[in-house]
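> Return atomic coordinates for the entry below.
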Amino acid sequence: MANGNGNGGRKIRTSRRRRVSMGHRLRANFLTGLIVVVPVVVTLYLTWAFITFVDGQVLPLVPAPYNPRTYIDADIPGYGLIVFLIFTTVVGYFAKKVFGKQLIRLGEDFVDRMPIVRSIYNALKQLVETVLSQSKTSFRQACLIEYPRRGLWAIAFISTDTKGEILKRSNSGEMVSVFLPTTPNPTSGFLLFVPKSDVVLLDMTIEEAAKLIISAGLVSPPSHEEVAAEQARIARRKEQLARVAGADMSNDKKS
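Sure thing, here's the model as predicted:
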């Protein structure tokens, strides 16, 4: 009887472990699916919402001969966005010309005479210029710095060499300007001026470092040694498959 009860107890525990293991696997699969599906769905939704918004603002301004609503009782998704891109490109072309610069200068002088409008215009102009300048100039390299104290390391981005008054008054030798982003929102952070000797350069790309920050350390890129080892393993596997295929072809010819 005791042996039978013991076997029954082990079976119950084994069954429970299987159910728990199955639950863990289902939960892990679900979370993995979320990681894959959510970014795609959100990206598609935001893209569609942006296209719809631009179409709704631009299409009413398009003259009837060039508006698809004149000929068909339906909207063409993205048509307003295309018109907006063409219009913006044409405006940028003329803005580079001498008379275009003069018109812009006259318009800005007129806006500067209106207190409230001037503040809004200058704020929006500064925001757009900042975004565009960031898209033109990227960070130089990802790095590690000891922050907020010795022994604790934080990932950061080197923007440029420190120059001017800051370099002269710091008396710390060669320095670099470093942007230390916050997690999980890397668009905010701190600007630090760090001696070059205190900076540890990383081999990972800017994109890989950004993923590491946004994921709060969950998505860690492999080291270059690991990547090289994996590539070598794949190359060896391909060579083995090629030799096997060559041997099979040779045997077929002999037969």
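
> all helices of the stretch 101-250 of the chain, in order?
Here the stretch 101-250 of the chain has its helices, by DSSP state H, counting those that start in this stretch, at 115-136, 164-170, 206-214, 224-254.

> Quick check: which of those is buried the most?
Of all the helices of the stretch 101-250 of the chain, helix 206-214 has the most neighbours on average by mean count of other CB atoms under 10 Å, namely a mean of 17. Every residue, glycine included, has its C-beta placed from N, CA and C.

> CA atoms only for that helix - export them in PDB, please.
These are the backbone C-alpha positions of helix 206-214, laid out as PDB (Å, rounded to 0.1, in the frame of the first residue of the first chain):
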ATOM      1  CA  ILE A 206      24.800  53.100 -32.300                       C
ATOM      2  CA  GLU A 207      21.600  51.100 -33.200                       C
ATOM      3  CA  GLU A 208      22.600  48.200 -31.100                       C
ATOM      4  CA  ALA A 209      23.400  50.400 -28.100                       C
ATOM      5  CA  ALA A 210      20.000  52.200 -28.600                       C
ATOM      6  CA  LYS A 211      18.200  48.800 -28.600                       C
ATOM      7  CA  LEU A 212      20.000  47.900 -25.400                       C
ATOM      8  CA  ILE A 213      18.900  51.100 -23.700                       C
ATOM      9  CA  ILE A 214      15.300  51.000 -24.900                       C
END
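
> now the longest strand seen in the chain, how far from the chain's geometric center?
Here the longest strand in the chain is taken by residue count, with DSSP state E as the criterion, and it is strand 153-161. Its chain's average C-alpha position is 17 Å from that of strand 153-161, according to CA atoms, centre = their mean, to the nearest Å.

> Need the contact partners of it.
Outside of strand 153-161, the residues that reach it under the criterion CB atoms under 8 Å, 6 or more residues apart in numbering are 139-148, 174-181, 192, 199-200, 202, 206, 209, 212-213.

> Just the buried residues from those residues, in PyMOL please.
Selection command for PyMOL covering only the buried members of the contacts of strand 153-161, criterion 16 or more other CB atoms under 10 Å:
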select buried, resi 139+140+141+142+143+145+147+175+176+177+178+180+181+192+199+202+209+212+213
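
> Can you flag which of the contacts of strand 153-161 belong to strands?
141-146, 175-181, 192, 200.

> Hey, what's the angle from the longest strand of the chain to strand 141-146? Just curious.
Calculated by axes from the mean of the first three to the mean of the last three CA atoms, to 10 degrees, strand 153-161 forms an angle of 130 degrees with strand 141-146.

> Could I get the CA-only coordinates of strand 153-161 as CSV?
Output of strand 153-161 as CSV, limited to C-alpha atoms (Å, rounded to 0.1, in the frame of the first residue of the first chain):
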residue,chain,number,x,y,z
TRP,A,153,28.9,51.9,-15.6
ALA,A,154,26.5,53.5,-17.9
ILE,A,155,26.2,53.3,-21.7
ALA,A,156,26.5,56.6,-23.6
PHE,A,157,27.2,58.1,-27.0
ILE,A,158,30.1,60.2,-28.0
SER,A,159,29.0,63.2,-30.0
THR,A,160,32.2,65.2,-30.6
ASP,A,161,35.5,66.4,-29.1
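
> ok, it: who's next to it in the sheet?
strand 141-146 (antiparallel), strand 175-181 (antiparallel) (DSSP bridges).

> Now do the last one, average pLDDT.
What it means is strand 175-181. The predicted model gives strand 175-181 an average pLDDT of 95.

> which outside residues touch it?
Strand 175-181 is touched from outside by 139, 143, 145, 147, 154-162, 166-167, 187-196, 199, 210, 213, with contacts defined as CB under 8 Å, 6+ apart.

> just the angle between it and helix 206-214, please?
Going by the same axes, to 10 degrees, strand 175-181 makes 50 degrees with helix 206-214.

> about what we covered before: widest-spaced pair of the ones in strands among the contacts of strand 153-161?
When those are compared pair by pair using CB to CB, the two farthest from each other are 175 and 181, 19.2 Å apart.
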